[in-house]
Each structure stands twice: as structure tokens, then as C-alpha cells.
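Novice: After the sequence you'll find the predicted model.
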Amino acid sequence: MKKTVAAVVILLLAALGGLGYVLFGMEEDPFGPEAVAVNQPQLGVKSQPKTDADVLEALDYEISQNRDTIGWLKIPGTKINNSVLQSYDNAYYLRQDERRKYSLYGCYFADYECSFGTRDDLSPNTIIYGHSDLTNNPDGPRFSELFRFTEEDFARSTPVITFATQEDWMDWEVFAVAEYSTDPRLIQPEPEGGIAALAADVRKESVFDYDVQVGDEDHILTLITCTDDTAVRLVVMARLLDSDAELPAAAPIASSDETSQEV
């Protein structure tokens, strides 16, 4: 009897383990953690910087603590103000934080195929993953806060995202926020068909109509997290601004009236 019970338990555990399915060539879906709502986990970083100088200091410190650290991601008005890591395998940081300790919500990590360094070294599409709590709740942990971009007031007041490396400070202008299907081009550092085609397709599904042009010569930043629909991802996309560009004070979003008239 005990052997039978033990065998059943083993089979159940194996079945549960198999729930992490293969997607985009990864052993486990990076966007589909167990649907367990918990409080915001303690971030692995030493502290959240407040100024640009603090960001660079914090980035240096994080690199000294974990050599997999490749940059810093900061989104104004959110708690997304944290180091970004990269491993040889996208599954590595699914359940590990910045100190390589177990965490249900992992950390922010870049696609293993992306290149980093100065802006000239970047892949055309810089891809960063992060978990959400699967409830589309902007008050949830990690990339759950990306759902704030679906709120018009927040989207208008947050036109720029910072993703910087040790070698280069980089600001990115948001041009789309969409609940989008699992299009494999989203996670291609060099998207098939080019940057402009991918950007245009995502913009068609964007919650808001951003007046930001994107061409094949642009570099883009793609932030991806899961939603309450396993076939859909929340995607926030932004284009790299020139180093001497004046940062916009507000996002150039068409008003609801303008959008209605166009339709």
C-alpha cells in the first residue's frame, strides 16, 4: 500500500513538473509561472537608486555581486528600478533572483541571444522578460507593473524608459503597449522581416496610438510578461533615442476622440 501511495505521489509530482511547457525553445515558459498570488518579493539588489548617478553606482555594485548582470532597467512611477541579468539559457533565471536564490518570480532577465555593451553593440531588438502574477494587476510583483501602461494617464506621463549598461546610458521612447499573441518575432534579437514590420504589427494591437515612428534602422526595447490568458503576452515596446535627444515630457498619444474619428 505504501509503495502504491508513493508511486502515485511521484506521478503527481512529475505531472506538475511537466506543466512548465516548451515555448520559444525554452524548457519552461518564462511568462507562465504558477498562478500563486503572493506579496511583492524582496528584490535581490542592494537598494533602488533615485538619481542617474545612483543607477550607475548600483549597476557597478550589482555586477560585482553577480557577473551575469548586464544592465539596469528603470521605469518612472513604478518599482521597476532594478538590475537585469543574462545567462546562457533563458530558463536559468526563471526561478532565481539577482543573488541566484530561489524566487517564484525570478528576476528581470534578457534573452540569451541579445548582445550588450554600448548602443552600437546592441541587438536590433533588446528583449527583457519578467514574471507577473497572472492577474493583470498593476499592483502585483515584478513586471505586473507593466500593466500600468494600459492606463491612459500613466501612459501619457511615462513616455520614456531607461535601460542602461555599464558602457552606455540609454533612454527609450515608448511606441506601443499591447496584449499580443506569442509571435516568435517578439523574442528574435534580429526579427524576421525587420524591425519596422514587427513594430507596425504590434502597434496595430496597441492600447494607445503613439505618434512615434519606427524604422528598420532603429533599435527597439521589448519588455514582455504574462497575462491571465496563456496565449497572450503583455508587450511594452520602445525605440532607442539618440544620446543627445531631448526627452519628451509626455507621450504623444492620440486622444480617444481622435482615435474614434479615424475609425
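Specialist: All right, it came through fine.

Novice: The closest residue to G77 other than its chain neighbours: neighbouring residues, count only.
Specialist: Counting by CB to CB, 6 or more residues apart in numbering, G77 lies nearest to T158, which is 5.6 Å off, once chain neighbours are set aside. Quick note: C-beta positions are derived from backbone N, CA and C, even for glycine. T158: 19 surrounding residues under other CB atoms under 10 Å.

Novice: Could you check how far T158 is from D133?
Specialist: Per CB to CB, to the nearest Å, T158 is found 21 Å from D133.

Novice: if we can go back for a sec, check the gap between the residue nearest to G77 and P248 for me.
Specialist: For T158 relative to P248 (CB to CB), the value is 10 Å.

Novice: So L186 belongs to a helix, correct?
Specialist: Yes. Under DSSP: H, G, I helix; E, B strand; the rest coil, L186 falls within a helix.

Novice: ok, how many other residues are close to it?
Specialist: By other CB under 10 Å, neighbour count at L186 equals 21.

Novice: Tell me which residues touch it, please.
Specialist: I127, Y180, L198, V202, T222, I224, R233, V235 (CB atoms under 8 Å, 6 or more residues apart in numbering).

Novice: Any idea which of these the model trusts least?
Specialist: Lowest pLDDT of these: Y180, 91.

Novice: Nearest residue to that one in space, please, no chain neighbours.
Specialist: V235 (4.8 Å).

Novice: Can you check the pLDDT for V8?
Specialist: 36.

Novice: Ignore what I typed, I meant K2.
Specialist: Taking K2 on its own, its pLDDT is 40.

Novice: In the sheet, which residues pair with the residue nearest to Y180? Tell me.
Specialist: On the basis of DSSP bridges, V235 is bridged to A178, I224.

Novice: measure it to V214 for me?
Specialist: The value you get for V235 to V214, if CB to CB is used, is 14 Å.

Novice: and what of N136?
Specialist: Taking CB to CB, one finds N136 at 26 Å from V214.

Novice: Thanks a lot, see you next time.
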